[in-house]
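Undergrad: Based on what follows, work out the 3D shape:
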Amino acid sequence: MSAALLRRGLELLEPPGRAKAPPGLQRGRAGPRVAGAARRRKRAPEPGRNKATVKGRVVKSAIEEYHKKKPVNHLRENLQYMLKGRLVADKAVAEQVLAQNRGRKSKDQPPEKTEKKKPKGTVFTEEDFRKFEREYFGVP
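TA: Next comes the predicted model:
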């Protein structure tokens, strides 16, 4: 944005009672000496309070400052918030959401669960084994 456009925008924002100063007096300089004098001129003391004195100063307590900056434990409030809503989704819905969020690569897929085969009990009883021994080995 050019300086001329910026000046025009500022003129539009000026209150209507204020008149525009002539261009020569806008910057307040008449020559090179005036600029140097403005730098050297001391600032007039402002009618505020003297910062060198202690009067009116509020003493801050180190303990109060420590307590202000002390970390607050929000565990109890967070637990109450988390336990407040006990809506549990169906297992099928949860599985579907997890499946959608999984990647397509084989490393992202969970290992397939194979059902463990239960060892089947024997069909023969102890009596059948004794009978077999007698017949096969001839043991009485």
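Undergrad: in this protein, which ranges drop under the pLDDT threshold?
TA: Residue ranges of the chain with pLDDT under 70: 1, 15-52, 139-140.
Undergrad: how about the strands of it, start to end?
TA: Per DSSP state E, the chain carries no strands over any range.
Undergrad: May I have stretch 62-79 as CSV, with CA atoms only?
TA: Only the C-alpha atoms of stretch 62-79 are listed here, as CSV (Å, rounded to 0.1, in the frame of the first residue of the first chain):
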residue,chain,number,x,y,z
ALA,A,62,6.3,-15.1,47.8
ILE,A,63,4.0,-17.7,49.2
GLU,A,64,1.0,-16.3,47.5
GLU,A,65,2.9,-16.2,44.2
TYR,A,66,4.0,-19.8,44.7
HIS,A,67,0.4,-20.9,45.4
LYS,A,68,-0.8,-19.0,42.2
LYS,A,69,1.7,-20.8,40.0
LYS,A,70,1.4,-24.2,41.8
PRO,A,71,0.1,-26.9,39.5
VAL,A,72,-3.5,-28.0,40.2
ASN,A,73,-4.4,-31.7,40.3
HIS,A,74,-7.6,-32.2,38.2
LEU,A,75,-7.6,-36.0,38.6
ARG,A,76,-10.8,-36.1,40.7
GLU,A,77,-12.8,-33.8,38.4
ASN,A,78,-11.6,-35.7,35.3
LEU,A,79,-12.5,-39.0,36.8
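Undergrad: Mind listing what's buried along that stretch?
TA: Neighbour counts over stretch 62-79 (16 or more other CB atoms under 10 Å) mark no residue as buried. In short, each C-beta sits where N, CA and C put it, glycine included.
Undergrad: and if you look at stretch 84-100?
TA: In stretch 84-100, no residue is buried by neighbour count (16+ other CB under 10 Å).
Undergrad: Ends of that stretch, what's the gap?
TA: 28 Å (CA to CA, to the nearest Å).
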